[in-house]
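[1] how would this look folded up:
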Amino acid sequence: MGVALITPFKEDESVDYDALSSLVDYQLQNGTDYLVVLGTTAETPTLTEDEKHQIIDLVVSKVNGQIPIILGEGGNNTKAIVEKLKKNDYNGIDGILSVVPYYNKPSQEGIYQHYKAIAEASELPVILYNVPGRTGVNMSADTTIRLANEFKNIIAVKEASGNMTQMDEIIKRKPEDFDVISGDDGVTFPLITLGAIGVISVIGNAFPKEFSRMTRLALEGDYQSALTIHHSFSELFNLLFVDGNPAGVKCMLSMMGYIKNKLRLPLVPTRITTYEKIREVLIDLNIKC
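    Got it, this is the predicted structure:
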């Protein structure tokens, strides 16, 4: 289980680096296998370049090689990403996660050429990220397999298309050394039963111990035990995203006392009705709120 780290903010909406440091400790102490820094869940489009550098430095220093760190490095300007990959210092970073270009709505050939340029520019392993609900375009199984076969440093895909048939097709046809990672907490269990190797998780911010256990049990073939944990989180999976990500998980973390319930516009906290539903579920899970 990898965790897509949130960015905690103070009441004045400045980055709360102390809270971030505590969250990293929480992950390290509770079974998280790797961290994804500056992904979508981190509200990265709202961060300044200076804030991004400070966040990377803090996480790299705090982790100190204990677990791998994957850095979100994507966008819809291929040339700009390539230039960053060639000039930036990636000391302490073990790989990059790069999202399908958003808004432009490229063709499948355009997506292929985009990732080809990234693979040729990157000295680090590359994880593709397919999330059509955010980008406006789906990367097909054919394009994913084409990239997996042609570029050895493209090692995995984070699949959040919601299309189980497509994900199963990728798993069936992929090279042996290419991995499929769930990009959606709610389908992690069934996707592992099909051959996925884990998840880049949002709910893991709040429940790293429990969700990493579910993931490991499923990978070990103890499906009944894994399914029990999966079902215990079913309602939270829905509540996580009903008001957008990371509003749901920030609501949970604030109730648990880890962060302030602050987001940067255009994102806002969950509605009161969602807040109360999350609170009820956490109480049912014996979480002190």
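[2] going forward, measure contacts between C-alpha atoms and count neighbours the same way
    OK.
[3] next one: residue 91 from residue 133, what distance?
    Distance from residue 91 to residue 133, counting by Cα to Cα, to the nearest Å: 32 Å.
[4] more neighbours: the two, which one.
    residue 133 (12 against 8; other Cα atoms under 10 Å).
[5] tell me the SS of the more buried one?
    Counting by DSSP: H, G, I helix; E, B strand; the rest coil, the backbone at residue 133 sits in helix.
[6] so the closest residue to it other than its chain neighbours is in which element?
    Closest residue to residue 133 apart from its sequence neighbours, by Cα to Cα, 6 or more residues apart in numbering: residue 161 at 7.2 Å. Under the criterion DSSP states H and E, no helix or strand holds residue 161.
[7] can you show me the strands along the stretch 151-289 of the chain?
    Remark: strands assigned in the stretch 151-289 of the chain by DSSP state E, counting those that start in this stretch are 154-159, 179-182, 200-201.
[8] can you put the ones you listed in JSON lines and add mean pLDDT, distance to residue 49 and mean neighbour count?
    Output for the strands of the stretch 151-289 of the chain, formatted as JSON lines (pLDDT from 0 to 100; distance: least, Cα to Cα, whole Å; neighbours: other Cα atoms under 10 Å):
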{"stretch": "strand 154-159", "mean pLDDT": "98", "distance to residue 49": "25", "mean neighbour count": "24"}
{"stretch": "strand 179-182", "mean pLDDT": "98", "distance to residue 49": "28", "mean neighbour count": "25"}
{"stretch": "strand 200-201", "mean pLDDT": "98", "distance to residue 49": "24", "mean neighbour count": "26"}
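[9] quick one: closest of the ones you listed to residue 75.
    Nearest to residue 75, of all those, is strand 154-159, at 15.6 Å by Cα to Cα.
[10] parallel or antiparallel, list what pairs with that closest one.
    Paired neighbours of strand 154-159 in the sheet (DSSP bridges): strand 126-130 (parallel), strand 179-182 (parallel).
[11] confidence score at residue 127?
    Looking at residue 127, its pLDDT stands at 98.
[12] one more: residue 62?
    98.
[13] same question for the helix or strand hosting it: list its buried residues.
    Per DSSP H and E, residue 62 falls inside helix 49-63. Neighbour counts over helix 49-63 (16 or more other Cα atoms under 10 Å) mark 52, 55, 56, 58, 59, 60, 63 as buried.
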